[in-house]
Structures are given as C-alpha cells and as structure tokens.
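1. Any chance you could fold what I've pasted below:
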Amino acid sequence: MAHRADEAEETHAFFEAVAAEQGWVPPQGAIKAYPKHSIYFIHKSLDDRLLGAVKLVMGNKDEGLPILGTWPELPLAGRVDVAELSIIALAPEARGRGSSFLPLSAELWRHSVLAGVQELWAELEPRMVNAYRRFGWPCEVAGELRDYWGDPLYPCRVRIEEAWASYVEKAAKQEKYRRALEQSARDTPYQSWL
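-> The predicted model follows:
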C-alpha cells in the first residue's frame, strides 16, 4: 500500500501511462481525485519496477465515490461500508497471468475486511464481468451500460463474503489462490475459513 506522497505520485504516473496505452480517457483530474479517501495498493518487481496498482476509494460522507458521477441512482451516497475500485492498472508484462493481480487482490481484500467494507464496486467492460467472475470475484451487474472514461461499462458490485467463499473454493484447487488467500486472511475474521 502506498502511503508516502512520492509513492502516490509514482502510482499516478503509472495510471496515466497505462491509460494512454489502453486508450482510456479519464476526465481532467480523475486520477488524483478523492484524495482524502483514496488508498493505493502497488505491486513491484524485484528490480523495483511498478507492475500493477489499484486505487481504492473508501466510502465516505463528504467526497462521495467516482461511480456516482455516472450512476447517481446507485444506493452508495454517504455509505462507509462500501469502497470503489476506482482504477486497476497492470503493466503489459503483468497482464493475464495473475502474478500481479493476485497479490494486489490479496492486500485489497485484507484492507477491505479490516476496514469493515461489505461491498466493493467497480466499473467494468461487459467482457470483463465474466473475466473477473472466472478469477474468483462474483461480480453482480448493478445498473445499465453507460459511457465511463470513453468506454461502455457496467457498474458492478462484489459482496465481500461471497468473494471470500469463491476464493476459498479456488484455493482448494490451486496453490496460487491458496497463497493469496492466506495473505488476505491473516489477522482477519476470515482466517478461520482456511
């Protein structure tokens, strides 16, 4: 997790580079928006290159959540038991293998559980809804397809407890999920699920 200002700036630059490479069109200032409630999770290579990063915006009563700018009807305003996966970005060499996504997910889930988050929200392309489900995130489409950062996306919800159950099932079959689940569950009530 990035706490220092220089790490946040490095993460912002990484998000901007991935956005340009992927053709994302974030509104002016969106990458740095919600500073009071944003938490960054980063994954680096052994030679200190940033391979992946997640910006999580915690539910709050003052800044709101980015998703509400496009789907204001969602029941999220003022809630502190939710969080939004505002940005998920992986370097090209880290995509498709889970090598960066699993450790990022582990720390994200751990933080969410310890912070009392019940639901994670994200904006996903239609093809990515099923990709996340296969990965172990039981995504539920919670609204209509709308333009978000230049792409048609769905607002999606993942309930924490359902996600843990899905990960436990995958962990029984795959060692990499087992390791990620052990990392996620340490010092949380879910440690007893292992």
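2. State the mean pLDDT of stretch 158-170.
-> Averaging pLDDT along stretch 158-170 yields 79.
3. Tell me where the protein has strands.
-> Using DSSP state E, the strands of the chain run over 38-44, 50-58, 82-90, 119-124, 140-141, 146-148, 151-159.
4. mind giving me a markdown table with these and columns for distance to residue 168 and mean neighbour count?
-> For every residue, glycine as well, the C-beta is placed using N, CA and C. Converted to a markdown table, the strands of the chain look like this (distance: least, C-beta to C-beta, whole Å; neighbours: other C-beta atoms under 10 Å):
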| stretch | distance to residue 168 | mean neighbour count |
| --- | --- | --- |
| strand 38-44 | 21 | 20 |
| strand 50-58 | 22 | 24 |
| strand 82-90 | 21 | 24 |
| strand 119-124 | 17 | 22 |
| strand 140-141 | 19 | 14 |
| strand 146-148 | 31 | 15 |
| strand 151-159 | 14 | 19 |
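5. Ok, which of these comes nearest residue 24?
-> strand 151-159 (7.3 Å; C-beta to C-beta).
6. now the angle between strand 82-90 and that closest one, please.
-> 130 degrees (axes from the mean of the first three to the mean of the last three C-alpha atoms, to 10 degrees).
7. same for strand 151-159, what does it pack against?
-> Secondary-structure packing of strand 151-159 (3 or more C-beta pairs under 8 Å, 6 or more residues apart in numbering; DSSP states H and E): strand 119-124, helix 126-135, strand 140-141, strand 146-148.
8. Output the ones you listed as TSV; include the columns mean pLDDT and distance to residue 38.
-> Formatted as TSV, the helices and strands packed on strand 151-159 follow (pLDDT from 0 to 100; distance: least, C-beta to C-beta, whole Å):
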stretch	mean pLDDT	distance to residue 38
strand 119-124	96	14
helix 126-135	87	21
strand 140-141	97	24
strand 146-148	94	18
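9. Distance to residue 46 for these - can I get that in a markdown table?
-> Below are the helices and strands packed on strand 151-159 laid out as a markdown table (distance: least, C-beta to C-beta, whole Å):
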| stretch | distance to residue 46 |
| --- | --- |
| strand 119-124 | 29 |
| helix 126-135 | 24 |
| strand 140-141 | 37 |
| strand 146-148 | 35 |
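10. These: which one's closest to residue 161?
-> When the helices and strands packed on strand 151-159 are compared (using C-beta to C-beta), the closest one is strand 119-124, at 9.8 Å.
11. could I get the closest one in PDB with only the CA atoms?
-> C-alpha atoms of strand 119-124 as PDB (Å, rounded to 0.1, in the frame of the first residue of the first chain):
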ATOM      1  CA  GLU A 119     -19.200  -4.400  -0.900                       C
ATOM      2  CA  LEU A 120     -16.600  -3.500  -3.500                       C
ATOM      3  CA  TRP A 121     -17.900  -1.600  -6.500                       C
ATOM      4  CA  ALA A 122     -16.200  -1.200  -9.900                       C
ATOM      5  CA  GLU A 123     -16.900  -0.100 -13.500                       C
ATOM      6  CA  LEU A 124     -16.400  -3.000 -15.900                       C
END
